[in-house]
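> Okay, structure incoming, though there's no sequence with it:
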(Lines give C-alpha, C1' and ligand atoms only; values in the text may rest on other atoms or scores of the structure.)
Protein backbone atom coordinates (compact mmCIF):
# COMPACT_ATOMS: atom_id res chain seq x y z
CA UNK A 1 0.00 0.00 0.00
CA UNK A 2 1.30 3.45 -0.87
CA UNK A 3 2.34 5.48 2.17
CA UNK A 4 -0.04 8.42 1.58
CA UNK A 5 -2.96 6.04 1.12
CA UNK A 6 -2.09 4.48 4.47
CA UNK A 7 -1.96 7.94 6.09
CA UNK A 8 -5.37 8.80 4.60
CA UNK A 9 -6.89 5.54 5.84
CA UNK A 10 -5.45 6.22 9.30
CA UNK A 11 -7.01 9.69 9.34
CA UNK A 12 -10.39 8.32 8.21
CA UNK A 13 -10.28 5.74 11.02
CA UNK A 14 -9.79 8.60 13.48
CA UNK A 15 -13.07 10.11 12.28
CA UNK A 16 -11.90 12.78 9.84
CA UNK A 17 -14.26 13.26 6.86
CA UNK A 18 -13.06 11.91 3.53
CA UNK A 19 -13.01 15.29 1.78
CA UNK A 20 -10.58 16.71 4.37
CA UNK A 21 -8.22 13.76 3.89
CA UNK A 22 -7.71 14.22 0.15
CA UNK A 23 -5.32 16.95 -1.13
CA UNK A 24 -8.33 18.98 -2.28
CA UNK A 25 -12.02 18.70 -1.35
CA UNK A 26 -13.06 18.62 -4.99
CA UNK A 27 -13.64 15.58 -7.17
CA UNK A 28 -10.58 16.03 -9.41
CA UNK A 29 -8.06 16.13 -6.55
CA UNK A 30 -7.02 12.54 -7.20
CA UNK A 31 -5.87 13.58 -10.68
CA UNK A 32 -4.21 16.94 -9.94
CA UNK A 33 -2.04 16.15 -6.91
CA UNK A 34 -2.64 12.60 -5.63
CA UNK A 35 0.47 12.54 -3.41
CA UNK A 36 -0.05 15.93 -1.77
CA UNK A 37 -0.57 16.34 1.94
CA UNK A 38 -4.18 16.13 3.14
CA UNK A 39 -6.40 19.21 2.94
CA UNK A 40 -6.66 19.15 6.74
CA UNK A 41 -2.98 20.10 7.09
CA UNK A 42 -2.86 22.89 4.51
CA UNK A 43 -2.69 26.51 5.66
CA UNK A 44 -5.99 28.23 6.32
CA UNK A 45 -5.23 31.09 3.93
CA UNK A 46 -4.59 28.53 1.21
CA UNK A 47 -7.98 26.95 2.01
CA UNK A 48 -9.74 30.32 1.66
CA UNK A 49 -7.95 31.11 -1.62
CA UNK A 50 -8.78 27.63 -2.90
CA UNK A 51 -12.47 28.19 -2.20
CA UNK A 52 -12.38 31.63 -3.83
CA UNK A 53 -10.61 30.29 -6.92
CA UNK A 54 -13.11 27.49 -7.46
CA UNK A 55 -16.05 29.76 -6.70
CA UNK A 56 -14.85 32.07 -9.46
CA UNK A 57 -14.41 29.06 -11.75
CA UNK A 58 -18.00 28.01 -11.04
CA UNK A 59 -19.24 31.56 -11.65
CA UNK A 60 -17.35 31.87 -14.92
CA UNK A 61 -18.79 28.56 -16.11
CA UNK A 62 -22.30 29.80 -15.24
CA UNK A 63 -21.53 33.03 -17.12
CA UNK A 64 -20.36 31.11 -20.21
CA UNK A 65 -23.36 28.80 -20.19
CA UNK A 66 -25.84 31.61 -19.66
CA UNK A 67 -24.09 33.99 -22.09
CA UNK A 68 -25.09 36.85 -19.81
CA UNK A 69 -22.83 39.87 -19.52
CA UNK A 70 -24.09 40.76 -16.07
CA UNK A 71 -21.24 41.58 -13.69
CA UNK A 72 -23.35 40.71 -10.66
CA UNK A 73 -22.59 37.09 -11.46
CA UNK A 74 -18.87 37.66 -10.82
CA UNK A 75 -19.64 39.25 -7.46
CA UNK A 76 -22.00 36.42 -6.52
CA UNK A 77 -19.38 33.86 -7.55
CA UNK A 78 -16.80 35.61 -5.38
CA UNK A 79 -19.16 35.54 -2.41
CA UNK A 80 -19.91 31.87 -3.10
CA UNK A 81 -16.18 31.10 -3.22
CA UNK A 82 -15.50 32.96 0.02
CA UNK A 83 -18.41 31.11 1.62
CA UNK A 84 -17.05 27.76 0.44
CA UNK A 85 -13.61 28.65 1.79
CA UNK A 86 -15.08 29.81 5.10
CA UNK A 87 -17.07 26.59 5.55
CA UNK A 88 -13.96 24.48 4.90
CA UNK A 89 -11.93 26.75 7.20
CA UNK A 90 -14.41 26.21 10.06
CA UNK A 91 -14.52 22.44 9.47
CA UNK A 92 -10.71 22.19 9.45
CA UNK A 93 -10.39 24.31 12.59
CA UNK A 94 -12.96 22.20 14.47
CA UNK A 95 -11.34 18.94 13.39
CA UNK A 96 -7.86 20.13 14.37
CA UNK A 97 -9.13 21.27 17.75
CA UNK A 98 -11.03 18.01 18.34
CA UNK A 99 -8.04 15.79 17.53
CA UNK A 100 -5.40 18.21 18.93
CA UNK A 101 -3.51 18.50 15.64
CA UNK A 102 -0.95 21.29 15.32
CA UNK A 103 0.97 20.70 12.10
CA UNK A 104 1.65 18.05 9.45
CA UNK A 105 5.26 17.49 10.54
CA UNK A 106 4.39 17.17 14.24
CA UNK A 107 1.48 14.82 13.55
CA UNK A 108 3.62 12.60 11.30
CA UNK A 109 6.46 12.50 13.82
CA UNK A 110 4.05 11.45 16.59
CA UNK A 111 2.38 8.74 14.50
CA UNK A 112 4.97 7.56 11.97
CA UNK A 113 8.36 8.92 12.95
CA UNK A 114 8.83 11.14 9.88
CA UNK A 115 6.70 12.99 7.36
CA UNK A 116 6.19 11.13 4.05
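Received, thanks. Given the structure is predicted, the values throughout are model-derived calculations rather than measurements.

> which residues of this protein score low on pLDDT?
Scanning the chain for pLDDT under 70 picks out 1-2, 27-30, 67-69, 113-116.

> So in it, which helix runs the longest?
Longest helix of the chain, by residue count under DSSP state H: helix 72-99.

> Next, the buried residues of it.
Across helix 72-99, burial judged by 16 or more other Cβ atoms under 10 Å covers 77, 80, 81, 82, 84, 85, 88, 89, 91, 92, 95, 96. Bear in mind the C-beta positions are built from the backbone N, C-alpha and C, glycine included.

> go on, stretch 17-31?
Buried, per 16+ other Cβ under 10 Å, within stretch 17-31: 19, 20, 21, 22, 23, 24, 25.

> And those residues, which is closest to residue 42?
Residue 42 lies nearest to residue 23 out of the buried residues of stretch 17-31, by Cβ to Cβ, at 8.1 Å.

> which residue sits closest to the closest one in space, ignoring its chain neighbours?
Leaving out its chain neighbours, the residue that sits closest to residue 23 by Cβ to Cβ, 6 or more residues apart in numbering is residue 36, at 3.5 Å.

> what about the one you found, neighbour count?
14 (other Cβ atoms under 10 Å).

> Same question for residue 65.
A count of nearby residues for residue 65, using other Cβ under 10 Å, gives 8.

> That one sits in which helix or strand?
helix 44-66 (DSSP states H and E).

> Any chance you could list what contacts that helix?
For helix 44-66, contacts defined as Cβ atoms under 8 Å, 6 or more residues apart in numbering pick out 24, 26, 39, 42, 73-74, 76-89, 92-93.
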